[in-house]
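>>> What would the 3D arrangement of this be:
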Amino acid sequence: MKKNMLFAIFIIICSSSYAQISNDNDKAIGFKFYPGGITYKTFVKSNRAIEGVGYIWQYGIRVTGLYEFYGDIDGVDGLKWYAGLGAHIGFWNDEWKKNYPSRQTGVAIGVDGVLGIDYKIANAPLNLSLDWQPSFNLIGYNYLEGGWGGLGIRYTF
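Modelled structure (predicted):
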């Protein structure tokens with residue numbers, strides 16, 4: 001499972017690196033808190049970005065890819081809203097199967113949405129975000145999950 005997650009993160013990062021960039025906050029890598037993961041974001045246009053998130057949590061791992069649309073929030077330089085769509089694949093561990101015996105499948109594949117705010121700190125290579133990422137599993141145990149998302153802290157370059 002760890003090899004699958006690392007491979008998926010590698011593919012997301014490599015495919016993102018070929019995008020045309022036109023923003024002062026072109027690329028960013030860091031952490032997203034809740035449940036906890038590594039995030040990489042790159043802008044493909046001045047108001048559009050691709051983000052990959054690799055989550056590690058108590059019940060397994062999950063890799064999510066998102067296509068995000070950005071817009072300025074008037075009155076605060078560097079503050080933007082964003083919304084987007086994407087997909088995920090997750091692999092549940094034995095703890096998940098033990099706590100949820102009716103959900104014995106070990107894989108979940110589904111679609112995601114994202115809604116949040118993003119702030120690039122002026123004169124510092126730091127980006128902060130706060131978002132909500134609802135998702136729906138299509139393969140594996142089907143259910144709507146509203147608990148993903150959180151605080152992102154990234155180094156920009």
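>>> which ones are touching Lys80?
By C-beta atoms under 8 Å, 6 or more residues apart in numbering, the contact list for Lys80 reads Tyr70, Gly71, Asp72, Ile73, Ile117, Asp118, Tyr119. Just so you know, the C-beta spots here come from the backbone N, C-alpha and C atoms, and that holds for glycine as well.
>>> Write down the beta-bridge partners of the second one, one by one.
The one in question is Gly71. Beta-bridge pairing for Gly71 (DSSP bridges): Trp81.
>>> likewise the fifth one?
Applying DSSP bridges to Ile117 yields these beta-bridge partners: Trp81, Leu130.
>>> pretty sure it contacts Trp81?
Yes - the pair Ile117 / Trp81 is scored as a contact, 5.7 Å apart, by C-beta atoms under 8 Å.
>>> joint contacts of these two?
Ile73.
>>> how about Trp96, secondary structure?
helix (DSSP: H, G, I helix; E, B strand; the rest coil).
>>> That one - how many residues pack around it?
21 (other C-beta atoms under 10 Å).
>>> any idea how far it lies from Asn127?
Using C-beta to C-beta, to the nearest Å, we find Trp96 at a distance of 32 Å from Asn127.
>>> ok, now Ala28?
5 Å.
>>> repeat for Tyr155
For Tyr155 relative to Asn127 (C-beta to C-beta), the value is 8 Å.
>>> So for these two, which residue has more residues nearby?
Asn127 (22 against 13).
>>> so that one touches Asp118, yeah?
Yes - between Asn127 and Asp118 there is a contact under C-beta under 8 Å: 6.8 Å.
>>> pLDDT weak spots in this structure?
1-25, 102-104 (pLDDT under 70).
>>> Which two among the contacts of Lys80 are spaced furthest apart?
Greatest spacing in the contacts of Lys80, by C-beta to C-beta: Gly71 and Tyr119 (13.5 Å).
>>> between these two, who's got more neighbours?
Higher neighbour count among Gly71 and Tyr119: Tyr119, with 17 against 10, using other C-beta under 10 Å.
>>> So which elements touch the helix or strand the more buried one falls within?
Secondary structure assigned from DSSP states H and E places Tyr119 in strand 107-120. For strand 107-120, the packing partners by 3 or more C-beta pairs under 8 Å, 6 or more residues apart in numbering; DSSP states H and E come out as strand 60-72, strand 79-92, strand 126-139, strand 144-156.
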